[in-house]
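> below is the sequence, then the predicted model.
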Amino acid sequence: MKIDKFIQSILFALVIVGVFAAMAKNAYGFTFMGVACFGLAVLYMIQLSWKLITDYSSLERRDVVGLFELLLLSILLALFGFRAFYIYVANGELIFMGTALLLVLVYILTAVDSLSTTKKESQSLAWNLTFFYTSVILFLLSMVTLVNMRLSLSLGVLAMAVTLPFMVSLIRQKKYEDSGKSISLFQYIAASKNKAGLLFLFFIFSALYTGLSQLGIIPEIENSAQPKAYIELINDAESGKEKQVDGKYQHEKYSEAMNKFLERHGK
């Protein structure tokens, strides 16, 4: 296993540990998630830089699309990291939406390339890849449209529906012909040079968590170290619902007032 894949696995494991810790109302869970997101963002930027340095003269269109994927994922992960630490990012929601939309374009181009090379040898593999990339794109669009919860939920449900045929084929472990080799659907996705498979897993686990938490089967993720009012004020500032007054946002004033209170209380 390459060192970058090993580090990626460790960081994803750290995210999972952070999620379970946050469900148990442990504040360090958000620290774990934030560190992991920043770590993945740095890792993908290193991969991007390495490819540019070593393969710059021989880059093809497919390689350029892959580089944009790494750049966009790095931006999204950095935003998730800032959110985990409740660090305000100016126009963070607009940046998030724009980055996710560009990532949709990246996976449309990636899907077109994959389907053009597989449909000649295996129509079944091509159909499964169609379901796979369509579900990833729909999940991304559901994130982009979070401002409209009804539309976002509808896109999420549609993405899950599109996922079902792909999941059935994945479980069956059927073999397909690809470049003269017999390969399973899982092996094909794992061997792909893009991060769509990891993004797919993230969306599936997120959907399962959302569904189970809404039904009350598992607890919701909460940060016991931060007041809910403070979190809501940051969300309002990032979404553009709130404007600065005297050069400051409400969450900044709230933080200053809270720090002064704690200082007085400590004395």
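Arrived safely, thanks for sending.
> quick one: low-confidence parts of the stretch 151-267 of the chain?
Residues of the stretch 151-267 of the chain that meet the criterion pLDDT under 70 lie in 221-267.
> the strands in it, which residues?
175-178, 181-184 (DSSP state E, counting those that start in this stretch).
> how about the helices in the stretch 101-250 of the chain?
Counting by DSSP state H, counting those that start in this stretch, the stretch 101-250 of the chain forms helices over residues 123-144, 149-172, 185-191, 196-214, 228-239, 250-266, given from the N-terminal end onward.
> A22: which of the ones you listed is closest?
Between A22 and the helices of the stretch 101-250 of the chain, the shortest gap by C-beta to C-beta is with helix 196-214, which sits at 10.9 Å. Just so you know, the C-beta spots here come from the backbone N, C-alpha and C atoms, and that holds for glycine as well.
> quick one on the thing from earlier: of the helices of the stretch 101-250 of the chain, which is nearest L40?
helix 196-214 (9.4 Å).
> any weak-confidence spans in the stretch 1-150 of the chain?
Low-confidence regions of the stretch 1-150 of the chain, defined by pLDDT under 70, span residues 1, 56-59, 61.
> same thing but at 50, please
For the stretch 1-150 of the chain, no stretch is flagged by pLDDT under 50.
> deepest-packed of the strands of the stretch 151-267 of the chain, please.
Among those, strand 175-178 has the highest mean neighbour count (mean count of other C-beta atoms under 10 Å), at a mean of 16.
> distance from that one to the middle of the chain?
The gap between the average C-alpha position of strand 175-178 and the chain average comes to 29 Å, counting by C-alpha atoms, centre = their mean, to the nearest Å.
> now for it, which elements pack on it?
Counting contacts by 3 or more C-beta pairs under 8 Å, 6 or more residues apart in numbering; DSSP states H and E, the secondary-structure elements packed against strand 175-178 are helix 123-144, strand 181-184, helix 185-191.
> check those for me and report the most buried one.
Scoring the helices and strands packed on strand 175-178 by mean neighbour count under mean count of other C-beta under 10 Å gives helix 123-144 as the most buried, with a mean of 20.
> which helices and strands does that one pack with?
So helix 123-144, by 3+ C-beta pairs under 8 Å, 6+ apart, packs with helix 92-118, helix 149-172, strand 175-178, helix 185-191, helix 196-214.
> okay if I get these as a markdown table plus distance to I3?
As requested, the helices and strands packed on helix 123-144 are exported to a markdown table (distance: least, C-beta to C-beta, whole Å):
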| stretch | distance to I3 |
| --- | --- |
| helix 92-118 | 25 |
| helix 149-172 | 28 |
| strand 175-178 | 27 |
| helix 185-191 | 18 |
| helix 196-214 | 17 |
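> and these: which comes nearest S9?
Of all the helices and strands packed on helix 123-144, the one in closest proximity to S9, counting by C-beta to C-beta, is helix 196-214 (10.2 Å).
> which parts of the closest one are buried?
Using 16 or more other C-beta atoms under 10 Å as the burial criterion, the residues of helix 196-214 that qualify are A196, G197, L199, F200, F203, I204, A207.
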